[in-house]
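*Asks:* Mind folding the following:
(2 chains)
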Number of protein chains: 2
Amino acid sequence: MRASNLLISTLKETPADAEIVSHQLMLRAGLIRRLASGLYTWLPMGLKVLRKTEAIIRDEMDKAGAQEVLMPSVQPSELWQESQRWEKYGPELLRITDRHQREFCYGPTHEEVITDLVRQEIRSYKQLPINFYQIQTKFRDEIRPRFGLMRAREFLMKDAYSFHLDHASLQQTYDDMFAAYSRIFSRIGLDFRPVQADTGSIGGNASHEFHVLASSGEDAIAFSDQSDYAANVELAEAIAPAGQRAAAAETMTTVETPQQHTIDDVSQFLNKPATQCLKTLLVEGAEEDSVVALVLRGDHDLNEIKAEKHPLVAEPLTFATPEKVLESCGANIGSIGPVGLTIPVLVDHAAAFVSDFVCGANDDDKHLTGVNWGRDLAEPDTADLRNVVAGDPSPDGQGTLDIARGIEVGHIFQLGENYSSKLNAVVLNETGKSQVITMGCYGIGVSRVVAAAIEQNNDDRGIIWPEAIAPYQVVLVPVNAHKSVRVKQKAEEIYQQLQAAGIDVLLDDRGLRPGVAFADMELIGIPHRLILGERGLDNGMIEYKSRRTGEGDEFPIESVIETIKQKLS
Amino acid sequence: MRASNLLISTLKETPADAEIVSHQLMLRAGLIRRLASGLYTWLPMGLKVLRKTEAIIRDEMDKAGAQEVLMPSVQPSELWQESQRWEKYGPELLRITDRHQREFCYGPTHEEVITDLVRQEIRSYKQLPINFYQIQTKFRDEIRPRFGLMRAREFLMKDAYSFHLDHASLQQTYDDMFAAYSRIFSRIGLDFRPVQADTGSIGGNASHEFHVLASSGEDAIAFSDQSDYAANVELAEAIAPAGQRAAAAETMTTVETPQQHTIDDVSQFLNKPATQCLKTLLVEGAEEDSVVALVLRGDHDLNEIKAEKHPLVAEPLTFATPEKVLESCGANIGSIGPVGLTIPVLVDHAAAFVSDFVCGANDDDKHLTGVNWGRDLAEPDTADLRNVVAGDPSPDGQGTLDIARGIEVGHIFQLGENYSSKLNAVVLNETGKSQVITMGCYGIGVSRVVAAAIEQNNDDRGIIWPEAIAPYQVVLVPVNAHKSVRVKQKAEEIYQQLQAAGIDVLLDDRGLRPGVAFADMELIGIPHRLILGERGLDNGMIEYKSRRTGEGDEFPIESVIETIKQKLS
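*Replies:* Numbers count the residues shown, from 1 in each chain, chains lettered A, B, ... in the order given. Down below sits the predicted model:
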């Protein structure tokens, strides 16, 4: 492509309303423009990236045996009523009334539509398993759209839905999709982690999220430094410390701690590390009117998802009122502890491993020091109640955990019979009996992948595209071509040679000053730059610069194709 | 592709609610399924056709220098208010209210959005001309969606918009788009005609529609049997007959014609051909309270568009009330004629060429015969007031006109300054002055092209795809492969050879009875069929059948690649 035939709309200034770097750079590099809140137009340069991303996804989905379909974006409310989501979905569902006063929505997802299709087209177990996907525009009416395409209202998504006679078949396709997703993000060139995810309220069986690692990520991910283990911090298991708890060395003593209510206060006041101060939290119990005490190490955070899954604890997790705390412990929040309590006490594994600990005395403005399990109070009932922290051992027994931030770009999910039972999607099984189909679903936020790629690959000069999705692999900049006919001619010749060799090359024939052209191309993030000038021509040499490493080089013009091919491979 | 990995959902019965053959066959061949009124899901087999069609369009648009973008499908009402279309557009515009009670629409077209983009991005005449296109889902809330994808609510469209400093530049791009559209429909393999179209109320300058010829077409098209001339029948010029009117031979006579009010009545009653009976229609005149008489040959139809463009005639064309007719002519409708009228009389060229004609006597239940212009009444004021008919001379002077029905699949349009002036899209021109941009727009109904291709290419067994957009070019059917290992193995081998040769081949490995498999593939319309069986294997031969001609053949297995390649080229 000749740059003179391409809309290159770079901006010098960072747009004020763009909060994260991908949003800023997509605007500055002229990849997108805002139409309205959460609505963006893809300009030619950005669309090239989107289409390359799409092509990789399509290729791997096809190879994994999924069949591409295209469902309408507008969906009738009747199907959503069958799945009971019409009422449940809330205001993120963009509801539409047509000219005949019938209700529709702009689909944020297509479980209902595909299940409706399958219940009509698939009759026999012999037609299963089957996996359909589409690459489609979706709409989610976010209350506060932001971060550009990271949380847009209209966005491009690849969604797939698989249908099975039994769980073993679902597991097989799930594993295939897991592998396909891994290939997709590897081919795009991203540093990513598949992480175990919460199956949440949908009630499916297994679920993995695919996260692109980037400091701006919304999610914290725990992953092993020695294995493939990775999980959302909220879901990562904090395993019980190995070995024996240290023997008691101190005597339990009551100390005055006036106005010292937080772990920080107490730790500082008593000069004890937070790791040795236990905190006690009162939550509502599963039985009516009951309360349960949760005990954690002072430096650890309660994990609400884990806690509410405990049979003694009410779901959703609800903290006891101050009145209830006073009634149950005889003291106010900030002075309570496990010693002498008559309510059930659940102790996090790590807290149960501490000797000579500090805790509230159940007497206002007093704490106990030198407390020991099995001596000053009973041996604890333990549970995993906390978020993992960096340095914790990996739950798979290999290495220790690291914590990084990630951007969710993919999600695979074993839905089971959730939609198929509600929509009565059944097949005849091998014995001729009607059987509800089992489902999986698999999403990739295509436009989000582009934004996440930028979050992970940028510097102060702009975007650094992974080669596979760069708008152009190579940019060729002739220097002062408007003054030098031979530079212009030679550049044209090299441009055509590169094109003929199947290299996706941009010829910057705009005639800008070299510095301006270079800055544009660095902002846009084209991986390889070739510079041809008078001086180089004299010596038969062409300059080269790598966008990623910033390293410059020079090589003979006659070997340009070969050299670039090497750099691309 | 192996058929066993592909959803092939053919139907034996014609769905009752499908009125036209493309709709019937798209359902029966399993290309699409209905989700709701005017909303269709593309199944894998149909989507392959759509994507091939899309790819041809994209390729030619790129080659013609247009730049692909992707604009949101959801558009803010504010822009439509600027263009004054928010109120005007009527109920076909699907209006949407978001969670913040802001108004949007699901775009049926994107003039506003692209003009908004251009007014922000394009500042200088040096950036012009520029031509943007997208392939996007559109929505038109049809009052009565029907004919499947021919008049669906949600559909796929290629829309392009070009921007220019002046009309000469617009004309250049318009001509380029005209050529690109011609290449697109030729490459797809359709019999089509570019026809002059009405610029209608948008008020642009020039406009062409591209019609696929098919008997089910909604539009009648007049085209020359000897030149490229083609126009919508409503717009085709009916040129004045050449030569001299025949001399008067009869005397004007008043005859009783009781209860004879239509041309058919009078023609039969008086035993005169309709070509010799003139009909007179009274319409409102451009001046207030005035009326004008329009006179046509009895076998010709009034063309309202032509008539209302005449300066004497009110626009829009409005027929005079019966009372007004009686008042102006002294007789009721059915007995009026041009003789003795005191109101303006406009006579169609063909009617002005008739001698010894019959017309109403302006006296109820009486007609005049043997009437002659220039003798019994003044020489007429002539105009082109009628629709052309088959056999009329072509307006370009080459050949005679034929009339065929067509399906509009493309439309190119010189918009001029209509949108750019309302949205204030200006650039600085060469003298540094602000100048309103001139626009063109260019649409192709991508999903409609697929339906139109079927309307033009089908027989009683199903679809006959043009090769360029067939879901597969070749289907290979092994006969009784489940019984014969060597047939199965050889078929597999040939399948892989065809694939390796870059041929888009479907291996029908479903193990159906040959007759059933053949019927499926004929319904789906795959252009070339190969059949491999035991008997053929014995002789080293493979059977071949062309879907279009129905001709069978047989050739050596070893030459299969070569032979198929020949047939495809």
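*Asks:* okay, CA-based contacts and neighbour counts for the rest of this
*Replies:* OK.
*Asks:* Check whether residue A:25 really touches residue A:464, as I assumed.
*Replies:* No. Contact between residue A:25 and residue A:464 fails when scored by C-alpha atoms under 8 Å: they sit 10.5 Å apart.
*Asks:* Nearest to the middle of chain A, which residue? Look it up for me.
*Replies:* Nearest to the mean C-alpha position of chain A, by C-alpha atoms, centre = their mean, lies residue A:408 at 1.5 Å.
*Asks:* Quick check: bridge partners of that one?
*Replies:* On the basis of DSSP bridges, residue A:408 takes part in beta bridges with residue A:211.
*Asks:* what's the distance between the helix or strand where residue A:406 lies and the middle of its chain?
*Replies:* The secondary structure element spanning residue A:406 is strand A:401-416 (assigned by DSSP states H and E). Relative to its chain's centre, strand A:401-416 lies at 5 Å (C-alpha atoms, centre = their mean, to the nearest Å).
*Asks:* Equivalent analysis for stretch A:383-395, please.
*Replies:* Using C-alpha atoms, centre = their mean, the mean C-alpha position of stretch A:383-395 is found 20 Å from that of the whole chain.
*Asks:* Report the rounded mean pLDDT for that stretch.
*Replies:* For stretch A:383-395, mean pLDDT is 95.
*Asks:* Contacts for that stretch next, please.
*Replies:* A:222-224, A:229, A:233-240, A:294, A:296, A:300-304, A:306-307, A:346-349, A:399-403 (C-alpha atoms under 8 Å, 6 or more residues apart in numbering or on different chains).
*Asks:* residue boundaries of the helices in the stretch 301-450 of chain A?
*Replies:* Along the stretch 301-450 of chain A, counting by DSSP state H, counting those that start in this stretch, helices occupy A:304-309, A:322-329, A:418-422, A:446-456.
*Asks:* Show me what the third one is packed against.
*Replies:* This means helix A:418-422. Of the remaining helices and strands, those touching helix A:418-422 by 3 or more C-alpha pairs under 8 Å, 6 or more residues apart in numbering or on different chains; DSSP states H and E are helix A:111-121, strand A:438-445.
*Asks:* now the shortest one and helix A:111-121, what's the angle there?
*Replies:* In other words, strand A:438-445. Strand A:438-445 and helix A:111-121 meet at an angle of 140 degrees, taking axes from the mean of the first three to the mean of the last three C-alpha atoms, to 10 degrees as the criterion.
*Asks:* and for strand A:438-445, what are the contacting residues?
*Replies:* A:155-167, A:170, A:174, A:177, A:409-420.
*Asks:* Correct me if wrong: residue A:38 contacts residue A:146.
*Replies:* Yes. Between residue A:38 and residue A:146 there is a contact under C-alpha under 8 Å: 6.7 Å.
*Asks:* any idea how far residue A:465 is from residue A:429?
*Replies:* Taken as C-alpha to C-alpha, to the nearest Å, the spacing of residue A:465 relative to residue A:429 amounts to 49 Å.
*Asks:* So which of the two has more stuff around it?
*Replies:* For residue A:465 versus residue A:429, the count of surrounding residues by other C-alpha atoms under 10 Å in any protein chain shown is larger for residue A:465: 26 against 16.
*Asks:* Could you tell me the phi and psi values at that one?
*Replies:* Dihedral pair for residue A:465: phi -70, psi 140, per degrees, to the nearest 10.
*Asks:* what residues are up against the closest residue in space to it that isn't next to it in sequence?
*Replies:* Nearest-residue entry for residue A:465: residue A:525, 5.5 Å, with adjacent residues in sequence omitted and distances by C-alpha to C-alpha, 6 or more residues apart in numbering or on different chains. Taking C-alpha under 8 Å, 6+ apart as the criterion, residue A:525 is in contact with A:462, A:463, A:464, A:465, A:470, A:547.
*Asks:* Which strands and helices lie in contact with the helix or strand of chain A with the lowest mean pLDDT?
*Replies:* Least confident helix or strand of chain A, by mean pLDDT, DSSP states H and E, is strand A:230-232 with a mean of 87. Contact analysis of strand A:230-232 by 3+ C-alpha pairs under 8 Å, 6+ apart lists strand A:192-196, strand A:219-224 as its packing neighbours.
*Asks:* Figure out which of those is closest to chain B.
*Replies:* Counting by C-alpha to the nearest C-alpha, chain B lies closest to strand A:219-224 out of these; the figure is 26.4 Å.
*Asks:* angle of the closest one against strand A:192-196?
*Replies:* On the basis of the same axes, to 10 degrees, strand A:219-224 is oriented at 90 degrees to strand A:192-196.
*Asks:* burial of the residue of the stretch 301-450 of chain A found nearest chain B, as a residue count?
*Replies:* When distances are taken as C-alpha to the nearest C-alpha, the stretch 301-450 of chain A approaches chain B most closely through residue A:447, which lies 11.8 Å from it. Residue A:447: 26 surrounding residues under other C-alpha under 10 Å.
*Asks:* Run through the residues of the stretch 51-200 of chain A sitting next to chain B.
*Replies:* With C-alpha under 8 Å from any C-alpha of the partner chain as the criterion, the stretch 51-200 of chain A meets chain B at residues A:65, A:67-72, A:74-76, A:91-92, A:94-99, A:113, A:117, A:121, A:141, A:143, A:154.
*Asks:* Helices - which of those residues land there?
*Replies:* The helices in this structure, assigned by DSSP state H, contain A:113, A:117, A:121 from those.
*Asks:* Now do the longest helix that chain A contains against strand A:401-416, angle only.
*Replies:* Longest helix of chain A, by residue count under DSSP H: helix A:167-188. Compare the direction of helix A:167-188 with that of strand A:401-416 by the same axes, to 10 degrees and you get 130 degrees.
*Asks:* For the stretch 151-300 of chain A, give me the ranges with low pLDDT.
*Replies:* Within the stretch 151-300 of chain A, the segments meeting pLDDT under 70 span A:198-205.
*Asks:* one more time with 90, if that's ok
*Replies:* Low-confidence regions of the stretch 151-300 of chain A, defined by pLDDT under 90, span residues A:196-206, A:215-219, A:228-235, A:242.
*Asks:* Just give me the neighbour total for whichever residue of it sits closest to chain B.
*Replies:* Residue of the stretch 151-300 of chain A nearest chain B, by C-alpha to the nearest C-alpha: residue A:154 (6.9 Å). Close neighbours of residue A:154, defined as other C-alpha under 10 Å, add up to 24.
*Asks:* Give me the nearest residue to it, chain neighbours excluded.
*Replies:* Skipping the residues right next to it in sequence, residue A:154 comes nearest to residue A:139 by C-alpha to C-alpha, 6+ apart, at 4.5 Å.
*Asks:* again, but for residue A:466
*Replies:* Leaving aside its sequence neighbours, residue A:466 is closest to residue A:189 (5.5 Å, by C-alpha to C-alpha, 6+ apart).
*Asks:* gap between that neighbour and residue B:77?
*Replies:* The gap separating residue A:189 from residue B:77 is 40 Å, by C-alpha to C-alpha.
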